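*Asks:* predicted structure and sequence below. I'll ask about it afterward.
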Amino acid sequence: MIHSPVRPDGLPLSLARLDRCAVMGIINVTPDSFSDGGRWLDATTAIEHGLALMADGADLVDIGGESTRPGAQRISQEEELRRVLPVISALAQDGIPVSIDTMRADVAAQAVEAGACIVNDISGGGADPEMYRVVAGLGVPYIAMHWRGFSDQMEFLTDYDNVVTDVIDELMSRVNAAQAAGVDPRRIVIDPGLGFAKKMHHNWELLRAIDQLTELGYPVLIGAARKRFLGAALQDHGEPRPVEQRDAATDAVSALSASHGVWCVRVHTPRGSRDAVEVVNAWKGGDSS
């Protein structure tokens with residue numbers, strides 16, 4: 001059976017009216033992201049890329065100014081704001097739905113003031129004790145990802161008794177804390193954090209248990225785009241598939257995610273994933289116009 005997605009409240013109309021899995025395009029305004037670091041660091045180039053992502057099938061764009069690749073060092077809040085605010089403002093003025101990918105409450109607040117309509121916090125509130133309070137006041141959808149520590153620590157934080165139950169328990173602890181701080185539960189999205197403090201097999205175990213995530217009743221976001229566990233599954237002559245050759249595998253995950261009722265998939269190249277979720281939607285009998 002193909003499941004319909006649960007959507008968060010508070011979305012702009014273009015996203016609220018979708019009857020299929022949404023496709024989020026990634027804009028890394030960074031010099032050191034694992035997949036495309038440096039390509040979109042200039043604001044003008046990043047804005048052009050955002051427009052291209054939308055033309056290529058994205059429903060919204062996710063803008064981040066701080067790399068979260070394994071081993072990445074943190075940047076200052078001032079530098080993060082300098083990178084993201086001009087891009088958010090320009091794209092929002094063009095009517096493009098924008099989410100801000102940040103772990104800092106003040107960056108989230110300034111990004112929403114500049115036009116962002118979603119806060120995507122990979123730390124799930126763990127990096128900034130003010131995040132929940134600020135998000136509650138902003139009144140926008142909040143994506144809380146499973147997270148155990150910063151990028152320079154996460155590869156040492158991969159011990160689980162059972163990765164599925166542990167991730168769900170830790171995610172729900174974050175969700176409960178956000179609600180206690182005033183965040184509207186109808187605006188919370190959960191993300192299992194593929195690749196973050198996870199060994200290769202953990203990611204596959206979480207994907208195989210995707211129904212356990214959607215059955216929690218919250219919208220779910222899946223971010224598998226070009227990640228190492230996909231490259232490892234597609235080895236050529238004993239070598240992992242290079243980053244730039246993992247898009248078809250990403251699209252396959254998008255199709256499977258959409259079929260299991262995931263609200264949104266986060267990808268670098270939207271066209272293939274958009275085609276994938278449209279096919280899933282037509283298969284289940286949705287509006288494929």
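*Replies:* Cool, the structure landed.
*Asks:* which parts of this structure are strands?
*Replies:* In the chain, the segments counted as strands under DSSP state E are 22-28, 60-64, 98-101, 118-121, 142-145, 188-191, 221-222, 264-267.
*Asks:* what's next to the longest one, contact-wise?
*Replies:* Going back to what we said before, that points to strand 22-28. Strand 22-28 is contacted from outside by 5, 15, 35-37, 39-40, 46, 49-50, 53-54, 56-64, 67, 87, 99, 221, 225, 254, 263-268, 270, 273-274, 277, using CB atoms under 8 Å, 6 or more residues apart in numbering. C-beta: built from backbone N, CA, C; applies to glycine.
*Asks:* which among those end up buried?
*Replies:* Neighbour counting over those (16 or more other CB atoms under 10 Å) leaves 5, 15, 36, 39-40, 46, 49-50, 53-54, 57-64, 67, 87, 99, 221, 225, 254, 263-268, 270, 273-274, 277 as the buried ones.
*Asks:* ok, now which ones touch residue 125?
*Replies:* 131-132, 144, 174, 177-178.
*Asks:* er, residue 152 I mean
*Replies:* 71-73.
*Asks:* 10 Å instead?
*Replies:* Shown in contact with residue 152 (CB atoms under 10 Å, 6 or more residues apart in numbering): 70-74.
*Asks:* go on, residue 47?
*Replies:* Contacts of residue 47 by CB under 10 Å, 6+ apart are 27, 29, 40, 63, 86-91, 94, 96.
*Asks:* closest to residue 216 out of the contacts of residue 152?
*Replies:* Nearest to residue 216 among the contacts of residue 152 is residue 70, at 27.4 Å by CB to CB.
*Asks:* just checking, the closest one touches residue 228?
*Replies:* Yes - with contact defined as CB atoms under 10 Å, residue 70 counts as touching residue 228 (8.6 Å).
*Asks:* out of those two, which sits in the busier spot?
*Replies:* Of the pair residue 70 and residue 228, residue 228 is the one with more neighbours under other CB atoms under 10 Å, namely 18 against 15.
*Asks:* dump the contacts of residue 47 into CSV; add distance to residue 204 and pLDDT as well.
*Replies:* Output for those, formatted as CSV (distance: CB to CB, whole Å; pLDDT from 0 to 100):
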residue, distance to residue 204, pLDDT
27, 28, 94
29, 31, 93
40, 30, 64
63, 29, 96
86, 39, 96
87, 34, 97
88, 34, 98
89, 39, 98
90, 39, 97
91, 34, 98
94, 38, 97
96, 33, 98
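*Asks:* now the buried members of the residues you listed.
*Replies:* 27, 29, 40, 63, 86-91, 96.
*Asks:* any quick ChimeraX command for the buried ones out of the contacts of residue 125?
*Replies:* A single ChimeraX command selects the buried members of those (16+ other CB under 10 Å):
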select :131,132,144,174,177,178
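*Asks:* out of the contacts of residue 125, which sit inside helices?
*Replies:* Of those, the ones assigned to helices by DSSP state H are 131-132, 174, 177-178.
*Asks:* may I see those residues organised as JSON lines, with pLDDT and distance to residue 117 added?
*Replies:* Converted to JSON lines, the ones in helices among the contacts of residue 125 look like this (pLDDT from 0 to 100; distance: CB to CB, whole Å):
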{"residue": "131", "pLDDT": "98", "distance to residue 117": "17"}
{"residue": "132", "pLDDT": "98", "distance to residue 117": "18"}
{"residue": "174", "pLDDT": "98", "distance to residue 117": "21"}
{"residue": "177", "pLDDT": "98", "distance to residue 117": "23"}
{"residue": "178", "pLDDT": "98", "distance to residue 117": "18"}
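*Asks:* TSV for those residues, including distance to residue 79?
*Replies:* Listed next are the ones in helices among the contacts of residue 125 as TSV, based on distance: CB to CB, whole Å:
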residue	distance to residue 79
131	19
132	24
174	26
177	28
178	27
